[in-house]
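>>> take this sequence and fold it.
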Amino acid sequence: MIGSPLYLTTSRSNIMFSVCLCACYQTCPKKSHVGVVKCIFVYLHGTINLGLWYLKGYKLNLISYLDVDFTRYKVDRKKN
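Sure, this is the predicted structure:
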């Protein structure tokens with residue numbers, strides 16, 4: 001179930017953190033992890049028209065800004 005969303009993270013950067021976190025638990029998932037993956041699929045279905053498209057042969061200068069706060073993340077307490 002996590003393989004397809006991992007593929008989508010190249011064009012849907014907004015799901016990167018959630019999908020990678022679920023990938024950490026794919027060897028022995030619990031029901032709660034499967035529920036989170038299903039929520040990701042529901043979110044993707046609702047936002048099907050959003051994403052990044054890259055044209056072949058077109059030079060692209062992409063600048064992105066993120067507003068992320070890992071200090072409140074309770075699993076490993078990463079800090080910037």
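
>>> CA atoms for contacts and neighbours, from now on please.
Fine.

>>> my guess is Leu52 contacts Ser11, does it?
Yes - if you go by CA atoms under 8 Å, Leu52 and Ser11 touch, sitting 5.0 Å apart.

>>> same question for the helix or strand harbouring Met16: list its buried residues.
Using DSSP states H and E, Met16 sits within helix 16-24. By neighbour count on 16 or more other CA atoms under 10 Å, the buried set for helix 16-24 is 19, 22-23.

>>> dump those to JSON lines, plus distance to Pro5 and pLDDT.
Shown next, in JSON lines, are the buried residues of helix 16-24 (distance: CA to CA, whole Å; pLDDT from 0 to 100):
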{"residue": "Val19", "distance to Pro5": "6", "pLDDT": "86"}
{"residue": "Cys22", "distance to Pro5": "10", "pLDDT": "85"}
{"residue": "Ala23", "distance to Pro5": "10", "pLDDT": "85"}
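
>>> so what's the residue of the chain most remote from its centre up against?
Centroid-distance maximum for the chain: Gly57 at 26.8 Å, with CA atoms, centre = their mean. With contact set as CA atoms under 8 Å, 6 or more residues apart in numbering, Gly57 has no partners.

>>> got a pLDDT number for it?
For Gly57, the pLDDT comes out at 81.

>>> do the same with the one 5 residues further on
Per-residue confidence for Leu62 comes out at a pLDDT of 72.

>>> next one: it from Ile40, what distance?
Here Leu62 is placed at a distance of 26 Å from Ile40 (CA to CA, to the nearest Å).

>>> quick one, which of those two is more surrounded?
Ile40 (17 against 5; other CA atoms under 10 Å).

>>> so what touches the helix or strand harbouring the more buried one?
Using DSSP H and E, Ile40 falls within helix 31-46. By CA under 8 Å, 6+ apart, the surrounding residues in contact with helix 31-46 are 1-2, 15, 18-19, 22, 25.
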